Structure formats: C-alpha cells, structure tokens
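A.B. asks: Provide a 3D model corresponding to the input given below.
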Amino acid sequence: MSGPGDTVDLDQAKHDVLHSARGGLSAKTIARLMAVNYGTLCNKCNPQVETHHLTVDEAVSLQYIAGDCRIHEAEGTLLGRVSLPIGHFPDSSDVELLDSWAQWQQDLGETARELRAALAAGQITQCHVREVRREMYQDFRAALALLQRLEALADDC
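C.D. replies: This is a model prediction of the structure:
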C-alpha cells in the first residue's frame with residue numbers, strides 16, 4: 001500500500017480533472033454545472049492551496065460532469081484498489097476489440113519501461129515501486145476493458 005508521500009498524485013488528479021478534463025469541458029463550465037464558485041473550485045483543486053479542500057460529494061460531481069475519473073483512479077492506487085468502468089458494448093466491433101487489445105499492450109510496455117528504469121537505477125526505491133504500481137493498475141484496467149468487449153461479442157456456449 002502507498003504511504004503519506006503519495007498524496008501528490010491525488011492532488012495532481014484533482015487539478016487535472018478540473019483543468020484538463022478528458023470530457024473537454026472548461027473549468028468555468030464545470031464550476032457552473034456544479035453550482036460552485038469558480039475561484040473556490042480552483043482553490044479546492046490547487047495542490048498549492050492548503051486551506052480549501054474538495055468534499056467527497058464535490059469530487060464525485062466534478063468527475064461525473066468532467067467525464068474524467070482520474071481522482072477515483074488515484075484514490076484506488078493509494079488504497080491498493082483497481083476499478084473498472086462498467087462497460088456495455090452491445091455493438092462492439094472487431095476494430096474496437098483490436099484497439100482495446102492494443103491499448104492493453106501499450107500499457108504493458110509502459111510498465112516494462114518503468115520496471116527497467118527502476119532496475120537500471122541500481123537501487124529500487126519506494127518511488128520506483130509507486131510508479132510500477134501505477135502502471136500495473138493501468139494494465140489491469142486495460143485488460144479488463146478488453147475482457148468486457150470480448151464478452152460483448154461472445155455467443156452463448
């Protein structure tokens with residue numbers, strides 16, 4: 001499990017979800033949709049501001065509106081958990097299946113790169129382990145997404 005020094009990833013996730021949401025919304029739009037003052041929300045998502053903090057409800061709302069679950073993923077990493085979006089792929093295509101497989105392979109390569117960097121350093125540190133763990137959790141999510149797509153294409157036995 002991760003330690004106290006790992007909050008940086010969680011702080012960064014809050015900032016990134018607000019300011020570079022995968023859903024493409026601007027931070028001002030997200031604040032408006034959350035019915036929260038823009039400046040206050042920015043402060044709550046700023047790793048440098050120690051006086052403002054996102055509530056759990058606000059973090060969930062932020063991720064839902066932004067279409068970006070990086071805060072949840074960072075929390076899972078800190079708690080030694082992996083989550084997977086509940087996918088429903090009734091019309092999954094062969095191309096989507098192949099893309100899912102390729103994403104998984106790319107993630108595995110990134111894990112191998114982090115592991116090799118740790119070994120090349122000559123001394124494995126907790127920082128190396130944290131990076132390898134983060135990469136492995138991404139591997140697990142990609143592998144399970146592939147499995148969900150495969151299940152969507154499968155016929156009965």
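
A.B. asks: Walking through the protein, point out its strands one by one.
C.D. replies: Along the chain, counting by DSSP state E, no stretch forms strands.

A.B. asks: need the contact list for Ile65.
C.D. replies: With contacts defined as Cβ atoms under 8 Å, 6 or more residues apart in numbering, the neighbours of Ile65 are 23, 25, 30, 33-34. From N, CA and C alone the C-beta is placed, and that goes for glycine too.

A.B. asks: swap in Tyr38?
C.D. replies: Tyr38 touches 27-28, 31-32, counting by Cβ under 8 Å, 6+ apart.

A.B. asks: Most neighbours among these, which one is it?
C.D. replies: The member of the contacts of Tyr38 surrounded by the most neighbours (other Cβ atoms under 10 Å) is Ala31, with 21 neighbours in all.

A.B. asks: mind listing which of the contacts of Tyr38 are in helices?
C.D. replies: Among the contacts of Tyr38, the members found in helices (DSSP state H) are 27-28, 31-32.

A.B. asks: would TSV of those residues with distance to Cys127 and pLDDT be doable?
C.D. replies: Listed next are the ones in helices among the contacts of Tyr38 as TSV, based on distance: Cβ to Cβ, whole Å; pLDDT from 0 to 100:
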residue	distance to Cys127	pLDDT
Ala27	30	95
Lys28	35	96
Ala31	34	96
Arg32	38	96
